[in-house]
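Trainee: task: produce atomic coordinates for the following.
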Amino acid sequence: MKHPHLVRRFTEISPNGLPWSRPVPFPVDCNGRSLARWIRLSGSTLTYCLRSWPAGLIFLLAAWPLWAQTSSSSSLEEARRLLKLGKLAEAKSQVEAVLKQRPDSPQALDLLAQTYLLGEDTEKASQSIRQALRNHPENAQAIATYGQCLFQTGNFREAEQQFRKSLKLDPGGADAHLGMGRILLSRMKTTEALESLQQAMRYSPDLAEAYFFASEAHGNDHNLSLQVQSLEKYISLNPPIRPERLLNAKALAQFFHSFEKEPFSEISDKSRGYSLDVRPFYGLMLIETRVNGEGPFRFLIDTGATSTVISNKLLGQLKVPPLATTVTRCVGGDGKIGTQLCKLSTLEIGDLKIKNLPVSSFDNAIFAELIDGVLSTSTLADFIITLDYSDLKLNLSPRPSPSTPVPKPASPAAGLHGEFRIFGNLLLVPVSINNQ
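Mentor: Numbers count the residues shown, from 1 in each chain. Next comes the predicted model:
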């Protein structure tokens, strides 16, 4: 046993006459880890060590760095706990206290970046995580967090590189698996996305975001039962961050239960193509529809709408009851709007007929005077969609099977093909402005 005199003295009594560590001999390694496991460094202990010169001073010199490190680790654990509770300000205070003592701590800088990300301050999150990576370029968790910052700013290609680099260093990194799942979802690679999200759940079963985005992936596959199952798991974890998302998840789970006994958004014939007439409308496209056998009604075609929406006025006219209500984000006003979730028996556009279509409502008096609803292209996602402005047509072509390659144009005259990403339901296209 190393330093038996230290072991003997520090397992007897403290100056106040009370035992202050377990009275069992224990080995002391060079880093003092065993000492730190047993000894409480209180004021009385400090006095005792100083009086017990020179053995007490030797102990203090050996134990002090580890005690400081242990104290920092405890503060970071508390910060992680506060983050899970959604107490961002308190978590940030804990982390900043650690950074005053250890300004280059990669764990503290990573937690600070995560706090900023949850507070939707991507710029400060990026600054914190880049500082961590300057001194610790191979820290897998910091690399994954940097990937999250890049993803939030739309740098999907660079984000994917960071997530893959993180997983190479640490194949069990749940945040990196989650990030890869979101990247693959943006490319509509649903099967691969689900594999990544399931890995995130495997390594971190309480990672609520993984279940939320898994529900989105199952929705892309039209797997309603697994979509609802993932939403309910997300709800059961009750994440305090982004309360609107939790509210929406509860509404969607309630809403989707009404579709469990019948086909969901069923298209009459997906094997054929459709060429549908449209009309110009201030640079946009209007199309005529019939809803529940009545109409025609004017719908605006929108490539960025999360779902097809109908005015409250038309829902009242058709006596369509709401199945759930929630709050959604929008452009204008305070950025939020209440909406009702409903089910249409049928939506007809020319020869195309869709049964049991989920829709949401909008309540805008100005829009309601101009249009009756908004047709989201996500409703037509089973087709290849062409918006032909010159011939005023909405052309729908059957999607090829996954094993069938999509033909590319032989020359620029045949059209411009470019890569895009899907973010929510928005189509994001990389562009250059002023050669930047």
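
Trainee: just the pLDDT for Phe367.
Mentor: Model confidence at Phe367, given as pLDDT, is 69.

Trainee: next: Pro412.
Mentor: The predicted local confidence for Pro412 is 47.

Trainee: how about Asn356?
Mentor: For Asn356, the pLDDT comes out at 91.

Trainee: could you do Gln114 as well?
Mentor: So Gln114 comes in at 93 (pLDDT).

Trainee: how about it, what does it touch?
Mentor: Residues in contact with Gln114 (CB atoms under 8 Å, 6 or more residues apart in numbering) are Leu83, Ala125, Thr145. For every residue, glycine as well, the C-beta is placed using N, CA and C.

Trainee: so which of those residues comes closest to Leu375?
Mentor: Closest approach to Leu375 among the contacts of Gln114 (CB to CB): Ala125, at 36.9 Å.

Trainee: ok so, going back, quick check, nearest of the contacts of Gln114 to Pro430?
Mentor: Nearest to Pro430 among the contacts of Gln114, with distances taken as CB to CB, is Ala125, at 22.3 Å.

Trainee: what helix or strand does the closest one sit in?
Mentor: According to DSSP states H and E, Ala125 maps onto helix 122-135.

Trainee: how long is stretch 362-380 end to end?
Mentor: 20 Å (CA to CA, to the nearest Å).

Trainee: which stretches in the stretch 151-300 of the chain count as strands?
Mentor: Ranges of strands in the stretch 151-300 of the chain, per DSSP state E, counting those that start in this stretch, are 266-267, 274-277, 279-281, 284-291, 294-302.

Trainee: which neighbours does the last one have in its sheet, and in what orientation?
Mentor: Taking DSSP bridges as the criterion, strand 294-302 sits next to strand 284-291 (antiparallel), strand 373-376 (parallel) in its sheet.

Trainee: do the same with the third one
Mentor: Take DSSP bridges as the rule and strand 279-281 pairs in its sheet with strand 284-291 (antiparallel).

Trainee: could you list the residues in contact with the strand it pairs with?
Mentor: Contacts for strand 284-291 (CB under 8 Å, 6+ apart): 276-280, 295-301, 310, 314, 318, 344, 346-349, 371-373, 375, 387, 389, 392, 394.

Trainee: again with stretch 343-352
Mentor: Contacts with stretch 343-352, where a contact means CB under 8 Å, 6+ apart, come from 258-259, 267-268, 274, 276-277, 287-293, 295, 308, 310, 320, 323, 353-359, 375, 379, 394, 396.

Trainee: these two touch, right, Asp302 and Gly373?
Mentor: No: using CB atoms under 8 Å, Asp302 makes no contact with Gly373, being 9.9 Å away.

Trainee: between those two, which is the more surrounded one?
Mentor: Using other CB atoms under 10 Å, the more surrounded residue of Asp302 and Gly373 is Gly373, with 26 against 18.

Trainee: hang on, the earlier thing: for PyMOL, what selects the buried ones among the contacts of stretch 343-352?
Mentor: Filtering those down to the buried ones (16 or more other CB atoms under 10 Å) takes a single PyMOL command:
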select buried, resi 258+259+267+274+276+287+288+289+291+295+308+310+320+323+354+355+356+357+358+359+375+379+394+396
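
Trainee: much appreciated, bye for now.
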